[in-house]
Every structure is written in structure tokens, then in C-alpha cells.
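Chemist: Just a sequence and a predicted model for now, questions to come.
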Amino acid sequence: MVMYLGTLFKTIFRRELTMMTRYVINTVSSLASIYLFFVLIFLGLQNLSSHMAGDALSGSLEGTIIGFFVWTFTIFAYSDLSWNLISEAQAGTLEQLYLAPMGFKWVCACTVISTFLLNLVPHMVFLLAMMATTGRWLNIDLISLMPLLAITVLGAYGFGFALGGLALVFKRIQALFQIVQFVFLAFLLVPIRVPWAKFLPLTMGNSLLYDVMVDGCRLWELPWQSLSIATAVGAAYLAIGLAIFARCEHVARDRGLLGHY
């Protein structure tokens, strides 16, 4: 079992790496457009700060950098699986994935892990670009950041599985992606002090990342209650997404939609 999973993961990782390098312009263009959006936000904050006494927005800028980093990673996280399913359906190879010996769900799981690892490098470059632009250098502790980032985007992958399931049934749902990305942005804007904010995806994880990147906390120095809540919330949204995906997959099979776009 483990050997077969290792072979499956290696194959899918190689495929995703090939796709990323072959269509690198698309990835760079996506990050560049978000970077330009960030620059506009930064210029707006800078202009606002110049009209206020002292450095009143000193904490806001760091929060904006971290929020944009989390938001950008989230967009790629939830959309990668959905876009892969749409592309496979358009190419007519989706049914072939269901013939994989390990099962289609393991194919999706390996795809999610592969894209997470591959997205780390360009998004770290994006983070460095934002820090260089603003002149605010944050604490980059990879030992603490990587587990926290994985916990934070768990909920996003839940949305990815849900959207992937909808793509199996309804095929063209690209417009829904645009709506979801702004929903995630709204989640990041909710202050963590709001009592129900801890139950939203991204919000608690974003707060913990702020503690690491701004306050210099290590992973084991963070409150275990907050870590537990962030993990439980992310796992809950992931489970809901998997349930929606399983239901949509069943509907698509019954209707004979897997081989048609």
C-alpha cells in the first residue's frame, strides 16, 4: 500500500511540476496581478499614514502583507484541484483517472499535497517581493510557518474539493471561483477578537501566522488552544468539502457525466 502510494505521489508530483514549468507564464502572471493589487493597497495605506500623526498604521502594514500572502496561497490552493478536474474533463481523461489502482480519491489527495509543496516556492518569492516593496521585513521561520500554513489552508482545500465536486456535475463553474476568492478575502478581514471569527476558515490561522511573522513566536510557543481550534476548524471544512465532493461524484456517475464536458 505504502509503496503504491509513493509511486502514485511521485508520478503526480512530476506531472504537476511539468505543468507548472511548462505554463510558468500563467503562474507568474497570476502572482504579478495580485502583486500589483497589493502595491495599490500599499500606496493607499502610505498616503493615509502621511495624513495621520506618527506611525499610526505600523501594525496594519504587516497585517496586510501576511493577509495577502495567505489570501494568494488560498486562491491557488482551492482552485488547483477544481481547475485540474475541469481540464481533465475537457481533455477527456477524467474517466481514466478513475481507473487508477489506488482510487480516484488518492489521486486527488496526492494532487493536493503536490500542489501545496510546489506553490511554496513562488509564494515565498511573492512574500519577499512584498516585504522588499514595503521595507517591512518579517520573521521567516520555516519550521513554524509551514505547519501553520498547512493548517490555515486546510479549509481552503475543503472548498477546493466542494468546487471540484460541483465541476463534475455542472462543468462550467469558473465564475464561482471569482466569488469564492472574495469570500476568502472577507474572512481575512474579520478581526480575531470577534467571538465567531475563530470558526471561519483562515481567520485563526492568519492570526497565528501574524504572531510568528511579526511577534517572533515559535510554533511551540503559541497557545495550544488556538492551535487546536485552527486545526479543528480547518479539518471540519475539509471534511465538509470531501462530503460534498463524494455526493457530487455519486451524482455525476449516476448521470454518466464523468466522460462529458
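Modeler: Perfect, I can see it now.

Chemist: For the rest of this, base every contact and every neighbour count on C-alpha atoms.
Modeler: Noted.

Chemist: how about stretch 74-88 as CSV, C-alpha atoms only?
Modeler: The C-alpha trace of stretch 74-88 is given here as CSV (Å, rounded to 0.1, in the frame of the first residue of the first chain):
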residue,chain,number,x,y,z
THR,A,74,-5.5,30.2,-0.6
ILE,A,75,-6.6,31.1,-4.1
PHE,A,76,-4.1,28.7,-5.6
ALA,A,77,-5.0,26.0,-3.0
TYR,A,78,-8.7,25.8,-3.6
SER,A,79,-8.6,26.4,-7.3
ASP,A,80,-5.9,24.0,-8.3
LEU,A,81,-7.9,20.8,-7.7
SER,A,82,-11.0,22.3,-9.3
TRP,A,83,-9.1,23.5,-12.4
ASN,A,84,-7.4,20.1,-12.7
LEU,A,85,-10.8,18.4,-12.8
ILE,A,86,-12.2,20.8,-15.3
SER,A,87,-9.0,20.4,-17.5
GLU,A,88,-9.2,16.6,-17.3
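
Chemist: Mind listing residues that contact that stretch?
Modeler: Stretch 74-88 is contacted from outside by 94, 108, 111-112, 115-116, 119, 153, 156-161, 163-165, 167-168, 171-172, 177, 181, 184, using Cα atoms under 8 Å, 6 or more residues apart in numbering.

Chemist: Could you rerun that using 7 Å?
Modeler: Residues outside stretch 74-88 that contact it (Cα atoms under 7 Å, 6 or more residues apart in numbering) are 94, 112, 116, 153, 156-157, 159-161, 163-164, 167, 171, 181.

Chemist: any idea which of these is closest to Ser30?
Modeler: Of all the contacts of stretch 74-88, Ser30 sits closest to Gln181, with 13.3 Å by Cα to Cα.
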